[in-house]
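Visitor: Using only what follows, build the 3D model:
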Amino acid sequence: MTINIRSFAFRDAEQATYQAARSVLEQLFPDLFFCYDDKGSDILYFVSGGSEREAIGALKPGRMYLLLAGKEGNSWAAATEVKAWADHQGISTILLSVEAPVAKQVIQMFTSVSKAFRSLNGKRAGLIGGVSHWLVASSFPPELAKERFGIIIESFPWELLPDYLSYAPDPAFLNAFKNHQPEKLVNEARVHHFLKGVIEKQQLDALTLECFTMVKKDDVTACLSLALLNSEGMAAACEGDLVSLVGMMLVQSLTGRVPWMANIASISDDQVLLAHCTAPLDSMSGFRVNTHFETDRSAAVQGKVFGNEVTVFRLGMGLDKAFIAAGNIMSRPQHAFACRTQVEVSLSAGEVEKLRHTPLGNHHLIIPGNVTALLQLACQYKNIRVV
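Guide: Okay, the predicted model is just below:
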């Protein structure tokens, strides 16, 4: 991993001073590659005291910085002074000793978070149709996504889009579901072709689709198409949910994987049942095609989500709060009262109480593995309060 870093020393310090400090880093972290003096870097390395004035000139409001320092040459003293100044200015920083046992992990994780947010800047997402009317806590003015994450959200009302059933069935879609009676999925394949066309024409990096209009009007869902898009690496959310869309894009930028968006179907003392009619195909050990739960029409994914440990994540509608919890999949039931793909996840009593009494909304994102530390750092980076 390449670590972009900027070094600071006392005024008129010779290159030998910088080189000696850089050698310390390279000895401590021989498997990391450091690129020095990157003026846009969020990692500041204090070589010595007397560097404070120059360092604060590199700090910008609205960004987060990792301040690295050792115990020699008053570098820790300088970093401490700068952190105090940054705190007073409302600029978020982490002060880290290069000798700390967790230093390598924090440096790598901070670099991943910084790169993730830079990658989101300028991404284009599409709202196809509109936000489903029942999602009263899952919408926001599109400009908020631009302000908070640099994500541009464009709206594409149904009346301004071509008729999805006028498209030819997409061959790749039919091949992906060749073991699931593809002759019965012709209209679903037309929907997939339509979505691919919108994605290409509008140059979208992600989308969310208001799909119940399609079911009511034409007895066709987008559940299979969204599942396929997710497994191919595109964040594609259901029901026009903007909060889940941004959350999915964030998680993908951090982990490289598109998470599963699911309803909270029920809550017990120590478990939550999560369910939805679509899920990334690459997140399941197997699946079958069933009908859409709420309407008993068209097609949906009924699968077995693989793995054991997961992270449950959700942003708030202001994009300034987040719920983060690690849990374990305890069962993969097939209840008749919930959407087709289901898991029961064990959580701590405190986390269950938060979901019961102070939820941020219904839809939550399920991420393989325990990535709570990464998400918490990402939230700290963007001043998002973890509830």
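Visitor: Ignoring the adjacent residues along the chain, who's closest to residue 247?
Guide: Counting by CB to CB, 6 or more residues apart in numbering, residue 315 is the residue found nearest to residue 247 once chain neighbours are left out, at 4.8 Å. To be clear about C-beta, it is placed using only N, CA and C from the backbone, and glycine gets the same treatment.
Visitor: got the domain boundaries for this structure?
Guide: Following automatic domain parsing, one finds the domains of the chain at 2-120, 124-386.
Visitor: Quick one: distance of the shortest one to the chain centre.
Guide: Taking CA atoms, centre = their mean, to the nearest Å, one finds domain 2-120 lying 26 Å from the centre of the chain it belongs to.
Visitor: With stretch 111-121 instead?
Guide: Worked out by CA atoms, centre = their mean, stretch 111-121 lies 11 Å from the chain centre.
Visitor: and what of stretch 286-296?
Guide: Relative to where its chain is centred, stretch 286-296 has its mean C-alpha point 26 Å off (CA atoms, centre = their mean).
Visitor: what about residue 201, neighbour count?
Guide: The tally of other residues near residue 201 (other CB atoms under 10 Å) stands at 10.
Visitor: Make TSV out of the domains of the chain and add mean pLDDT.
Guide: Formatted as TSV, the entries for those read as follows, by pLDDT from 0 to 100:
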stretch	mean pLDDT
domain 2-120	93
domain 124-386	96
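Visitor: Which helix or strand contains residue 216?
Guide: Taking DSSP states H and E as the definition, one finds residue 216 inside helix 212-218.
Visitor: Past the host helix or strand of residue 353, which element shows up next along the chain?
Guide: For residue 353, the host element (DSSP H and E) is helix 349-357. Towards the C-terminus, the helix or strand next in line after helix 349-357, according to DSSP H and E, is strand 364-368.
Visitor: circling back: so what secondary structure elements neighbour the helix holding residue 353?
Guide: With contacts taken as 3 or more CB pairs under 8 Å, 6 or more residues apart in numbering; DSSP states H and E, helix 349-357 sits against strand 260-267, strand 271-276, strand 321-331.
Visitor: ok so, going back, so of the domains of the chain, which one's packed in deepest?
Guide: For these, the stretch with the most neighbours on average is domain 124-386, a mean of 19; neighbours defined as mean count of other CB atoms under 10 Å.
Visitor: quick one, helices of the stretch 101-250 of the chain?
Guide: Ranges of helices in the stretch 101-250 of the chain, per DSSP state H, counting those that start in this stretch, are 103-120, 142-149, 171-176, 186-202, 212-218, 223-231, 242-255.
Visitor: between those, which gets nearest to residue 87?
Guide: With CB to CB as the measure, helix 103-120 is the member of these nearest residue 87 (17.7 Å).
Visitor: could I get the helices of the stretch 101-250 of the chain as TSV with distance to residue 291?
Guide: As requested, those are exported to TSV (distance: least, CB to CB, whole Å):
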stretch	distance to residue 291
helix 103-120	36
helix 142-149	33
helix 171-176	18
helix 186-202	12
helix 212-218	10
helix 223-231	10
helix 242-255	23
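Visitor: between those, which one is nearest to residue 297?
Guide: Each of these was scored for nearness to residue 297 using CB to CB, and the closest is helix 212-218 (5.7 Å).
Visitor: what packs against the closest one?
Guide: Contacts defined by 3+ CB pairs under 8 Å, 6+ apart place helix 212-218 against no helix or strand at all.
Visitor: Pull the residues that contact that helix.
Guide: Outside helix 212-218, the residues within contact range by CB atoms under 8 Å, 6 or more residues apart in numbering are 129, 132, 158, 164-165, 187, 191, 220-222, 239, 292, 294-295, 297-298.
Visitor: change it to 6 Å
Guide: Contacts with helix 212-218, where a contact means CB atoms under 6 Å, 6 or more residues apart in numbering, come from 129, 220-221, 295, 297.
Visitor: again with stretch 278-291
Guide: Residues from elsewhere that reach stretch 278-291, judged by CB under 6 Å, 6+ apart: 180, 223, 226-227, 230-231, 258, 260, 299-306, 340-341.
Visitor: swap in stretch 136-151?
Guide: Judged by CB under 6 Å, 6+ apart, the contacts made with stretch 136-151 from elsewhere in the structure are 120-123, 125, 131, 152-153, 241-243, 246, 317, 319, 361.
Visitor: wait, which of those is closest to residue 277?
Guide: Closest to residue 277 out of the contacts of stretch 136-151 is residue 241 (13.7 Å), distances taken as CB to CB.
Visitor: contacting residues for the closest one?
Guide: Residue 241 makes contact with 135, 138, 208, 363 under the criterion CB under 6 Å, 6+ apart.
Visitor: Same question for residue 364.
Guide: Neighbouring residues of residue 364 by CB under 6 Å, 6+ apart: 312, 314.
Visitor: Could you report the separation of it from residue 195?
Guide: For residue 364, the distance to residue 195 (CB to CB, to the nearest Å) stands at 24 Å.
Visitor: ditto for residue 355
Guide: Between residue 355 and residue 195 the distance, using CB to CB, works out to 32 Å.
Visitor: circling back to that earlier point, and the helices of the stretch 101-250 of the chain: which comes nearest residue 345?
Guide: Evaluated with CB to CB, these place helix 242-255 nearest to residue 345, the distance being 16.3 Å.
Visitor: Give the other helices and strands that that closest one contacts.
Guide: helix 103-120, strand 235-238, strand 364-368 (3 or more CB pairs under 6 Å, 6 or more residues apart in numbering; DSSP states H and E).
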